[in-house]
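Engineer: what follows is a predicted protein model with its sequence.
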Amino acid sequence: MKFSVEWLEYFLDTDASVAEIAAALNRIGHEVEGIEDPAERLAGFRVAKVLTAAKHPDADKLQVLTVDTGEGDPLQVVCGAPNARAGMKGVLGLPGAVVPANGMELRKSAIRGVESNGMMCSVRELELGDEHDGIIELPEDAPVGQSFADYHAASPILDVAITPNRPDCMGVQGIARDLAAAGLGTLKPVEADDVAASGPCPVEIRTDDPQGCPAFYGRVIRGVDNTKPSPEWMQRRLIAAGQRPISALVDATNYLMLAFGRPAHVYDLAKLSGGVVARRAKNGETVEALNEKTYTLDDTMTVIADDAGVHDIAGIMGGEHSGATTDTTDVLLEIAYFDPERIGVTGRKLGLASDARTRFERGVDPAFLDEGLAFLTNLIVKTCGGTPSEVVRAGQPPVEAQVIAFDPMLTARLGGVEVADDTQRAILESLDFAVGADWSVTCPPRRHDIEGAADLVEEVVRIYGLDKVESVPLPRQPGVARPTATPLQKLERKLRRAAAARGLNEAVTWSFLPTGDAAHFAEDADALWVLDNPISEDMKAMRPSLIPGLLAAAKRNADRGAAGARLFEIGRRYFRGKNGASDERPTLGVVLAGQRDSRGWAQGKARMFDAYDAKAEAMALLEAAGAPVANLMVMGEAGEQFHPGQSATLRLGPKNVLARFGALHPGTLKAFDVDGPVMSVELFLDAIPAKKGSAGFARPAYSPPALQAITRDFAFLVPADLAAADLVRAVKGADKQAIVDARVFDVFAGQGVPEGKLSVAVEVLLQPGDKSFTDAEIKAVSDKIVAAAAKQGAELRG
Amino acid sequence: MTDLLTLQTDALARIAETADADALEGLRIEYLGKQGSISALMKTLGKMSPEERQEQAPKIQGARSAVTEAIAARKAQFETEALAQKLSSETLDLTLPAPQAPKGSVHPVSQVMDELAEIFADLGFSVATGPEIEDDWHNFTALNMAETHPARAMHDTFYFPDRDADGNRMLLRTHTSPVQIRSLVEQGAPIRIIAPGRVYRSDSDATHTPMFHQVEGLVIDRDINLGHLKWTLETFLKAFFEREDIVLRLRPSYFPFTEPSVEVDVGWQDVNGRKVLGGDGDAPGHGWMELLGSGMVNRRVIEFAGLDPDEWQGFAWGLGVDRLAMLKYGMDDLRAFFDGDYRWADHYGFSPFDQPTLSAGVGAGA
């Protein structure tokens, strides 16, 4: 909310400087977001007198003026305004001054060959109003040479963020009250003059919706003249507050709202027919609001209507049809109290924001109806004339005061600061709370935010000074801090650094995806969470996999010229769980795209990533995660998104999938518009079993074998479709005592190997126990190995 | 005995002149081989009288060892030369690039979250988590934002069409505060937690992204007041920025879930055009920046979490993790956090070995 200091001083008697006022506002919870000093904006503009005015030799519409600036010789100024004439006083912008309306810096220049040393300004150019038919005409007594900012009494403007709990401060008076409580001055009593009312209100006013509109007060003023602008002092305050002056009637309601936080409405009586009633809208009823949009209403919404229809979306926006115009002569003033909740619900339903709604939905002062109406009537009558009727009062605003049993000890207990009891009492009373001898505190009805004792502590502490709260150390457990991380947190930390240590860059990608991308990676499209109100179609469905986000990032990198990308992310996959709950699965995703190694002098051509690179990451990361990697089975069904022949899952047992990896399907790459090949890995962190073993730190005893292990190599001819792992498992299982390891070290097809076969060479590690193997023992083990391999269809090569 | 002397002198001269190892071996056989001339002299010793032998033996043996040593020395010389020649043919151009392992990195958000966990663990806080897809009861109602509360509308919430089993509307959590409720319901009081994680607002411009990271803090105990809040935040910020001159300014504010509510500003100073935290914001060349929202947990929130607000009270705060990272490590564009640009990762990412520790300081130097 913006307001000028001059306006504030209408309510607050203070000597404080703008800086002091701003500091106090910040201190008591009204954050100052900006201070605008029009004196700065008006620097270089001064009161000047036009001495002579002559026609420009080369332009019909221009005049050449000589202007007295109050010092030195008169200046020659070229001016296009029709009202410029000798003898008048106006505002001259000197070279160097910046025109507020357009940011243009004035310079000495030649206009059609005639030197001009400045500019005579219009109201609009100085942002003092809308008028731009001619230059400003100042009164005869304006002192020539005075800075215009001083002459105009330009007042600094404060822009203050009012928190939603303080609708009472959405008017200048409320802010003045808070500042007075904070010791910045004295609140001036501002009371409405008596209204010279004559005759009863000719319009019937009623509330048929006492829930939505508990109180509806009104009166008629006949014979107003709305052709005149509102007074200059009012316009100045409204402009400072960022409101464009519109007409005397509209300005008066805006002024009431900004001065007292009290919205009201003025109807053109000629446009109303019959009684004016606060009621629920009928379903489907429509109204064209003042913003010239038509709204369709329903029966949860309170409206003001007459016999003909709806004229006002109660508390939110008036109707176009009955709004005040320059032709308006008779008006009905409405000042009502609307239920805050209903205003909020209606406003949200209609998607309609307004200054009135902001105040009504937060709660206006229910005790300020009569006085507000009197202020408004006087403002109108003073400018527009007219004869006000008596007031009609329909319903009763909820003014019953809340009483809170307060214990001043609570201030120290909650607020951490000792404030003397009498100081607390004085603070509360300065904010219009009535404090009983027994500390029962009666709240002013305008303070909708006060719900209990904690709120009173806040009032005391914020006025007393939050800066007086001293730091108090939290009690500390004796000794060294205990570890706090959960197993999942430890797992994620370890994996993150393991992945980075393996050369992968951690990315953080959006949790939401284009629906198509999400569907592409969803096993079950029904399990996807899809937003109702996405910010864009690209951010609509919650990701069922980490791969699409990383793939998109890899694509962006490729588009920037990166030859390869190795990215990982640790985050959640989101699925619709049971009973409408969210099923969020911690996951690690990896994408390896493009070149694994760039071309080099030693290795020759660039090497692209392949599925084994993905396997290497999967295995290494699972090992870092503490998964029993030796027991993992490589199985299929990585998913349709993967190349069917170059992808696999890693499982612990047939059902528990710990990871999937491999080359992405060309169809996936096409769908994401990425050049291949791209490898990917997904680790399902929730599937990784906790590490087994004792809880302590000591490892099992160290007992290396006394004798050295020996290796024996076996070359088998195997069916080409035999999985290497099956052969190795068979070999390993041939003699569980002697064989401690077996690994494939060569795979060959081609010359010397029959069609449909592969030559697979396995190195077997044999570990002797107490005694070295005898030749016979080794022969026996070898025979067992060959026999076991034979069961897999492998024959020893001769 | 002139013969022996001549023989030795001659042998040594010839050994010194040999051209290669083969010639040297020939000389070894000629002098020291079974049929060698010095070997022949050695054999004569057996036939000598003891007196004669006593006189001749040292001379003959001296000649033998002199020749043996000379041969060995010459042989070593040949080997050294041969090795030098071999090595000279094996020269590598070591200015050529060596094979390079790719350099990975940890994202600044993760790094900062690890730093937070480290600091707050020392203060007795554990790290709590909760779902990102929340219901509106946990995200709003239990945090004292009833359906009609204006603050709800100010949250720019992403909604799903779905409702949970209790009929609550599902949404993307707008803050980490629902973790307060879940943790209190699950663990009760006393409690000290931080809850970092992703949060979502339907807001997108130069300084806002629809997804960002927050860290919630919550302390509930019997005698906790605003002074503890101030100390905790001061202590944390000093440890996080590793500066003792962090100055906080507390301003009254409003959040539905706290009462009293406190906005916390931190003093900064202009260092070469960059805002560096530290110092009193009111001092010349300094200023205040809004850092976080906090306050004493509203009684209603404690009630919603199933605790007795007359017995338990405490404070909570919420703070942007991305913002903390930017302030500490100097990034100026939030959107780049979520891009996955390898160049950015290289520039702003962290080594996996920059694991934050209290003993080394939680921060990783530039």
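Structural biologist: Great, that's in hand. Keep in mind that this is a model prediction, so the values were computed, not measured. Numbers count the residues shown, from 1 in each chain, chains lettered A, B, ... in the order given.

Engineer: poorly predicted segments of the chain, please.
Structural biologist: You didn't pick a chain, so chain A it is. Counting by pLDDT under 70, chain A contains low-confidence residues at A:130, A:693-694.

Engineer: my bad, the chain I had in mind was chain B
Structural biologist: B:1-2.

Engineer: specify the beta-bridge partners of the closest residue to A:Val310 other than its chain neighbours.
Structural biologist: Distances taken as CB to CB, 6 or more residues apart in numbering or on different chains place A:Val287 nearest to A:Val310, at 4.1 Å, with adjacent residues excluded. Just so you know, the C-beta spots here come from the backbone N, C-alpha and C atoms, and that holds for glycine as well. Taking DSSP bridges as the rule, A:Val287 bridges to A:Tyr295.

Engineer: so A:Val287 touches A:Asp306, yeah?
Structural biologist: No: assessed by CB atoms under 8 Å, A:Val287 is found out of contact with A:Asp306, at 11.8 Å.

Engineer: neighbour count: these two, which is higher?
Structural biologist: A:Val287 (24 against 20; other CB atoms under 10 Å in any protein chain shown).

Engineer: quick check: residues of the stretch 251-400 of chain A near chain B?
Structural biologist: Proximity of the stretch 251-400 of chain A to chain B, by CB under 8 Å from any CB of the partner chain, involves residues A:Pro340, A:Glu341, A:Gly344, A:Val345, A:Arg348, A:Glu361, A:Arg362.

Engineer: how near is the closest residue to the last one other than its chain neighbours to B:Lys75?
Structural biologist: This means A:Arg362. Spatial nearest neighbour of A:Arg362, chain neighbours left out: A:Pro167 (3.7 Å); criterion: CB to CB, 6+ apart. Using CB to CB, to the nearest Å, one gets 106 Å for the distance from A:Pro167 to B:Lys75.

Engineer: which one of the two is surrounded by more residues?
Structural biologist: For A:Pro167 and B:Lys75, the more surrounded residue by other CB under 10 Å is A:Pro167, and the numbers stand at 26 against 16.

Engineer: contacting residues for the more buried one?
Structural biologist: Listed by CB atoms under 8 Å, 6 or more residues apart in numbering or on different chains, the contact set of A:Pro167 reads A:Gly261, A:Thr358, A:Arg359, A:Arg362, A:Gly363, A:Val364, A:Arg446, A:His448.

Engineer: from those residues, which single one is nearest chain B?
Structural biologist: Proximity of the contacts of A:Pro167 to chain B (CB to the nearest CB) peaks at A:Arg362, which lies at 5.9 Å.

Engineer: quick one, what contacts the closest residue in space to A:His265 that isn't next to it in sequence?
Structural biologist: Of all residues not flanking A:His265 in the chain, A:Glu334 sits nearest, at 4.4 Å (CB to CB, 6+ apart). By CB under 8 Å, 6+ apart, the residues touching A:Glu334 are A:Phe216, A:Tyr217, A:Gly218, A:Ala264, A:His265, A:Val266, A:Tyr267, A:Val276, A:Ile304, A:Asp312.

Engineer: helix, strand or coil for A:Glu334?
Structural biologist: What DSSP: H, G, I helix; E, B strand; the rest coil gives for A:Glu334 is strand.

Engineer: who does it bridge with?
Structural biologist: A:Gly218, A:His265.

Engineer: also B:Leu292?
Structural biologist: B:Val264, B:Leu319.

Engineer: that one: how many residues sit nearby?
Structural biologist: The number of residues packed near B:Leu292 is 21, by other CB under 10 Å.

Engineer: for the stretch 201-350 of chain B, what spans make up the strands?
Structural biologist: B:211-221, B:248-255, B:258-271, B:274-277, B:286-297, B:313-320 (DSSP state E, counting those that start in this stretch).

Engineer: distance check, A:Thr69 against chain B.
Structural biologist: According to CB to the nearest CB, to the nearest Å, A:Thr69 stands 36 Å off from chain B.

Engineer: just confirm that residue contacts A:Gly145, I think it does.
Structural biologist: Yes: if you go by CB under 8 Å, A:Thr69 and A:Gly145 touch, sitting 6.2 Å apart.

Engineer: got the phi and psi for the residue of chain B most remote from its centre?
Structural biologist: Here chain B reaches farthest from its C-alpha mean at B:Ser49, the gap being 85.3 Å by CA atoms, centre = their mean. Main-chain torsions, B:Ser49, degrees, to the nearest 10: phi -70, psi 160.

Engineer: so how far is B:Leu41 from it?
Structural biologist: 16 Å.

Engineer: just A:Glu617 next, same as before
Structural biologist: Distance from A:Glu617 to B:Leu41, by CB to CB: 76 Å.

Engineer: quick one, helices of the stretch 401-550 of chain A?
Structural biologist: A:409-415, A:421-430, A:453-464, A:487-501, A:515-520, A:547-559 (DSSP state H, counting those that start in this stretch).

Engineer: which one of those is the most hemmed in?
Structural biologist: Ranked by mean neighbour count, the helices of the stretch 401-550 of chain A are led by helix A:453-464 with a mean of 25 (mean count of other CB atoms under 10 Å in any protein chain shown).

Engineer: give me the three-state assignment for A:Leu126.
Structural biologist: On the basis of three-state DSSP, A:Leu126 is classed as coil.

Engineer: need the phi and psi values for the residue most central in space within chain A.
Structural biologist: By CA atoms, centre = their mean, chain A has its centre lying nearest to A:Ile535, at 11.9 Å. Main-chain dihedrals, A:Ile535, degrees, to the nearest 10: phi -80, psi -30.

Engineer: was I right about A:Phe609 contacting A:Pro677?
Structural biologist: Yes: taking contacts as CB under 8 Å, A:Phe609 lies within contact range of A:Pro677: 6.2 Å.

Engineer: other SSEs contacting the strand ranked longest in chain A?
Structural biologist: If you go by DSSP state E, chain A has its longest strand at strand A:582-597. Packed against strand A:582-597 by the contact rule (3 or more CB pairs under 8 Å, 6 or more residues apart in numbering or on different chains; DSSP states H and E) you find helix A:487-501, helix A:547-559, strand A:564-576, strand A:607-608, helix A:611-624, strand A:678-684, strand B:133-135.

Engineer: of those, which is nearest A:Lys382?
Structural biologist: strand B:133-135 (54.5 Å; CB to CB).

Engineer: residue in the stretch 551-700 of chain A nearest to chain B?
Structural biologist: Counting by CB to the nearest CB, the stretch 551-700 of chain A gets nearest chain B through A:Ala553, at 2.8 Å.

Engineer: surely that residue meets B:Trp344?
Structural biologist: No: with contacts defined as CB under 8 Å, A:Ala553 does not count as touching B:Trp344, sitting 10.7 Å away.

Engineer: can you count the residues close to residue 249?
Structural biologist: You didn't say which chain, so I picked chain A. 27.

Engineer: my question was about chain B, not that one.
Structural biologist: 20.

Engineer: residues in contact with it?
Structural biologist: So B:Arg249 contacts A:Asp467, B:Val264, B:Asp265, B:Val266, B:Gly267, B:Gly281, B:Trp288 (CB under 8 Å, 6+ apart).
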